[in-house]
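K.L.:
Got a sequence here, can you model it:
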Amino acid sequence: MADSMKGLKRTHYCGDVAEIGSEVVVGGFVDRIRNKGGVIFLVLRDRTGVVQLLFNETTDPAIFEKAASCRSEFVIMAKGEVRERESKNDKLKTGNIEIFVTDLRILAKAQTPPFEIVSDTKVNDELRLKYRYLDLRREPLQQNIIRRHEIAKVTREYFYENGFLEIETPMMMKSTPEGARDYLIPSRVHQGKFYALPQSPQIYKQLLMIAGYDRYIQLARCFRDEDLRADRQPEFTQIDLEMSFVDAEDIQECVEGFIQRVFKEVMGVDVPLPLPRMTFADAMDRFGSDKPDTRFGFEINDITDVVKDIDFPVFKDAVAAGGTVRAINVKDGAATYTRKEIDKLVEHAKGIGAKGLAYIRWADEPNCSFKKFLAEGDLEKICSALDAKAGDLVLICADRKKTVLSTLGALRLICGKRLGVIPEDKYNFLWITEMPFFEFDEDNNTWVAAHHPFTMPMEECLGYLDTDPANVRAKAWDLVLNGTELSSGSMRITDFELQQKMFEALGMTDEEIQAKFGFLVDAYRYAAPPHGGMGIGLDRLAMIMCKADSLRDVTAFPKVQNASELMSECPSFVDDESLSALGIAVVNKEDE
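P.N.:
As a prediction, the model looks like this:
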C-alpha cells in the first residue's frame, strides 16, 4: 500500500534546491539508484531537473530499508537537510549539493517501463508515442514543452501591452472553403447538417474588425484534414491577430517587435530590426522557393543568354519552347559529390519533374557532362558567369521556368545540408512580399485563388483582374525563418462591390456566395474599417526555437502521419446507437 503525503508539503522543485543547511521537501520520480551497501544514492527528477538524495549508516534503518526498495520511476517525496556533496558534478545545476533524507514516502510504485527514461533514447518513435506519458518524462521533451509555454507567455504579454484584446472564436463553425479539407462534426439536433472545426478563425476575426474590436489576438486552435509532414499536424496552434486602421507595414512592424521580444526573452538571441524583405518573384528566381533559407549561398543563376547558342539539344529545345536554363554553383562541392553521388542528384531532379540534370564537376580539371557539344571557350564562359572555380560543382537544369526553379531550389537545400554549410545557430528572418494573387491550375487549365477570397489585390492591379490574372499581385506576405514559413498575412477586402467581383473572378455563382459567405457579405454592407492580419504558427516557431526536427517534439500528444494518435488509439469506432442518434450510417467502401 502506498505511503501517505500527510505531514509533508513540497517546499522546493528538485532543480531549485540550493541553500546548504536548509531543510527541504522535494517530490518526483526516481531517476537513478546507486546502492553501495552502507550508502544509497537516489537521484530524484522533476520537470526542473534532478537532485541527489543521500541515505547512509546514520539514516533511520526503516527509512534506509525503504530507500533500498525503490526502483526507477517510483514516485516519492523526501524531507531532509541540504548538504554539500563530497563528489561534485559541475554538469548539473544541483551538482554541488545533496539532501540527507530524514523522511521518505513512496507514493506510487512503477512497473518496469517499456523503455528507459533517458535523454538520448534510441527507442523507435512508435513505441515512444504509444507510451507518450512516459516519453514526456524525458528531459529534452520536457524542456521543449516548457519552452513552448514560455513562447505562449511572452506572446500574450507582448500583444496585451500593445493594446490587443484576446477574444475566443467558435470551435464549431460553418464549413467554408479554406484550401484544405474540413473536419466535420455531425449535428444531432439538425440531422443531415454538419459543423466544421475551424481551419483558422479567418472569417470571425474579420467580423470582429467590423464589430469595432480593432486589435484582436488569440492563440487559436486550428484543424486541417491534410497529409502530414514533419512540420504539419492535423491540429495546430496559431498566434492569430487582426488590426484595423492599418496598412501592411503597420502589421509587419508590430509582428517584428514580437519576434524581437520572444527571441530575446526566451532564448537570449538579439534579432536586428527591421527584418529584410524580398519579393516573391526575387525569392523564386534566386532560391527556387517562396520560403528560402538564406543562411547559405548556392543561389540560382539564369544562364539562358550564356548557353542559348551552344549546340546542346537539351538547352536549345528548352529555350525554343520558351523555357529557361539556370544553374547553381555548389562551392567546394566537387570533392563530396563523386559521379555516383551526382547520379543520385539526377534521380532526385527527375523525381521533382525535371527531364534531367547537366553538371560541371571541377576537381583537378573541369569535367562536363555535355562536353562533346561545347565549342572552344563555351565552358569558360559558363564557369565565368557562375564564378565557378577549382573544387566547385555546377548543376544545370533546362526546362520550363517553374520546373527549373523548383528543381534547383530543392537541390540547393540537399547540397547545403550534405556539405554542412547551413549554420544551426543563425536565425535568418525574411518577409516575402508581393505574392501572386492567382496561380494556374494546369490540371484544370484555369486560374485559381492563391489565398483566401478576402485577400486584397494591390491597387495597381485592380484594372486587370479579369484580363491578366498572371500579373495580379496581392497585398499579402509571408514571414519566413530559416526556410520555414512561420506566418502568412494580408490586407483584407473591405469594399462590398470589390468583394463580389473577387468571388465572381473565382468562378462562384451568386447562390454559392450566399450559401458559403452570405453572413460576411451582409456584414460588409454595414461598413468596415480597413484591416488586415496574420496567423503565426506557434508550433513551427517552437520547433525552430527548440532546434527540434519535427512538430512532434514540441507537441504534447501528437498525431502520426496517418493522423492517428497511437497512445489513445484514436480515431476509433463509434457504436451503432451513437451513430443512429446522429442519423448517420457508416458505409464500408470495401463492400461497395
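
K.L.:
tell me which residues in the worst-scoring helix or strand of the chain on mean pLDDT are buried?
P.N.:
The weakest-scoring helix or strand in the chain, judged by mean pLDDT, DSSP states H and E, is strand 446-449 (a mean of 72). Buried residues in strand 446-449, counted by 16 or more other C-beta atoms under 10 Å: W447, A449. C-beta here means a position set from N, CA and C on the backbone, and glycine is covered the same way.

K.L.:
next structured bit after it?
P.N.:
strand 476-481 (DSSP states H and E).

K.L.:
Just checking: what are the partner strands of that following strand?
P.N.:
strand 429-433 (antiparallel), strand 484-491 (antiparallel) (DSSP bridges).

K.L.:
Show me how far the first one is from its chain's centre.
P.N.:
On the basis of C-alpha atoms, centre = their mean, to the nearest Å, strand 429-433 sits 16 Å off its chain's mean C-alpha point.

K.L.:
now that strand: mean pLDDT?
P.N.:
On average, the pLDDT along strand 429-433 is 97.

K.L.:
ditto for stretch 398-416
P.N.:
Computed over stretch 398-416, the average pLDDT equals 96.

K.L.:
Give the buried residues for it.
P.N.:
398-399, 401, 403-413, 415-416.

K.L.:
likewise stretch 48-62?
P.N.:
Quick answer for stretch 48-62 (16+ other C-beta under 10 Å): T48, G49, V50, V51, Q52, L53, L54, F55, T59.

K.L.:
go on, stretch 418-435?
P.N.:
L419, V421, Y427, N428, F429, L430, W431, I432, T433, E434, M435.

K.L.:
Please could you give me each C-alpha atom of stretch 23-36, formatted as CSV?
P.N.:
Presented in CSV, the C-alpha positions along stretch 23-36 are these (Å, rounded to 0.1, in the frame of the first residue of the first chain):
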residue,chain,number,x,y,z
GLU,A,23,15.5,21.7,5.4
VAL,A,24,13.6,21.0,2.3
VAL,A,25,10.8,18.7,1.0
VAL,A,26,11.0,17.5,-2.6
GLY,A,27,8.9,15.2,-4.7
GLY,A,28,9.3,13.5,-8.1
PHE,A,29,10.3,10.3,-10.0
VAL,A,30,13.2,8.1,-9.1
ASP,A,31,15.7,8.6,-12.0
ARG,A,32,18.7,6.5,-10.9
ILE,A,33,19.7,4.4,-7.9
ARG,A,34,23.2,3.6,-6.6
ASN,A,35,23.3,1.1,-3.7
LYS,A,36,26.8,0.8,-2.3
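
K.L.:
To N562, which of the strands paired with strand 476-481 lies closest?
P.N.:
strand 484-491 (23.3 Å; C-beta to C-beta).

K.L.:
Show me which positions of that closest one end up buried.
P.N.:
Quick answer for strand 484-491 (16+ other C-beta under 10 Å): E485, L486, S487, S488, G489, S490, M491.

K.L.:
after it, next one along is what?
P.N.:
With DSSP H and E, the next secondary element past strand 484-491 is helix 496-505.

K.L.:
Quick one: list the elements packing against that following helix.
P.N.:
Helices and strands touching helix 496-505, as assessed by 3 or more C-beta pairs under 8 Å, 6 or more residues apart in numbering; DSSP states H and E, comprise helix 510-524.

K.L.:
Show me what counts as buried in the helix it packs on.
P.N.:
I513, K516, F517, L520, A523, Y524.

K.L.:
what angle do that helix and helix 496-505 make?
P.N.:
If you take axes from the mean of the first three to the mean of the last three C-alpha atoms, to 10 degrees, helix 510-524 sits at 160 degrees to helix 496-505.

K.L.:
just checking, next helix/strand downstream of helix 510-524?
P.N.:
That would be, after helix 510-524 and using DSSP H and E, strand 531-537.

K.L.:
Name the strands paired with the host helix or strand of L241 and say parallel or antiparallel.
P.N.:
Using DSSP H and E, L241 maps to strand 235-244. Based on DSSP bridges, the pairing partners of strand 235-244 within the sheet are strand 215-223 (antiparallel), strand 531-537 (antiparallel).

K.L.:
on contacts alone, who are the packing partners of the least confident helix or strand of the chain?
P.N.:
Packed next to strand 446-449, using 3+ C-beta pairs under 8 Å, 6+ apart, are strand 438-441.

K.L.:
so of the strands paired with strand 235-244, which one's packed in deepest?
P.N.:
Counting by mean count of other C-beta atoms under 10 Å, strand 531-537 has the highest mean neighbour count of the strands paired with strand 235-244, with a mean of 23.

K.L.:
which residues touch the biggest helix by length in the chain?
P.N.:
Secondary structure assigned by DSSP state H gives helix 139-161 as the longest helix of the chain. The contact list for helix 139-161 (C-beta atoms under 8 Å, 6 or more residues apart in numbering) reads 45, 47, 119, 135-136, 166, 215, 217, 219, 239, 241, 257-258, 261-262, 265-266, 538, 541-542, 545-546, 548, 553-554, 556.

K.L.:
Apply the buried test to those residues and list what passes.
P.N.:
Neighbour counting by 16+ other C-beta under 10 Å classes 45, 135-136, 215, 217, 219, 239, 241, 257-258, 261-262, 266, 538, 541-542, 545-546, 548, 553-554 among the contacts of helix 139-161 as buried.

K.L.:
Can I get the strand holding L241 in CSV, CA atoms only?
P.N.:
In CSV, the C-alpha atoms belonging to strand 235-244 read as follows (Å, rounded to 0.1, in the frame of the first residue of the first chain):
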residue,chain,number,x,y,z
GLU,A,235,-4.5,20.2,-35.2
PHE,A,236,-2.2,23.1,-34.5
THR,A,237,-2.0,26.4,-32.7
GLN,A,238,-1.9,29.8,-34.5
ILE,A,239,-0.9,33.1,-33.0
ASP,A,240,-3.8,34.8,-34.7
LEU,A,241,-4.1,38.6,-35.0
GLU,A,242,-6.0,41.2,-36.8
MET,A,243,-5.7,45.0,-36.8
SER,A,244,-7.9,47.9,-38.0
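
K.L.:
tell me the angle of that strand relative to helix 139-161?
P.N.:
20 degrees.

K.L.:
Tell me how many other residues surround T102.
P.N.:
13 (other C-beta atoms under 10 Å).

K.L.:
What sits closest to it if chain neighbours are left out?
P.N.:
Counting by C-beta to C-beta, 6 or more residues apart in numbering, the nearest residue to T102 once its immediate chain neighbours are dropped is G80, at 5.0 Å.

K.L.:
any idea of the mean pLDDT for stretch 308-316?
P.N.:
On average, stretch 308-316 scores 92.

K.L.:
Just the buried positions in it, please.
P.N.:
I310, F312, V314, F315, K316.

K.L.:
so how far is that stretch off the chain centroid?
P.N.:
42 Å.

K.L.:
what's in contact with it?
P.N.:
Counting by C-beta under 8 Å, 6+ apart, V307, V319, V325, K355, G356, A358, F370, F373, L374, A375, D378, A398 sit against stretch 308-316.

K.L.:
Same check on stretch 400-407?
P.N.:
Residues contacting stretch 400-407 (C-beta under 8 Å, 6+ apart): 284-285, 288, 300, 318, 321-326, 349, 352-354, 357, 397-399.

K.L.:
sorry, back to before: what's the closest of the buried residues of stretch 418-435 to C461?
P.N.:
Distances from the buried residues of stretch 418-435 to C461 were compared by C-beta to C-beta; the smallest belongs to E434, at 9.9 Å.

K.L.:
that older thread, now the buried residues of stretch 418-435 in a markdown table, with distance to V25?
P.N.:
Output for those, formatted as a markdown table (distance: C-beta to C-beta, whole Å):
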| residue | distance to V25 |
| --- | --- |
| L419 | 54 |
| V421 | 52 |
| Y427 | 41 |
| N428 | 47 |
| F429 | 45 |
| L430 | 50 |
| W431 | 52 |
| I432 | 54 |
| T433 | 57 |
| E434 | 61 |
| M435 | 57 |
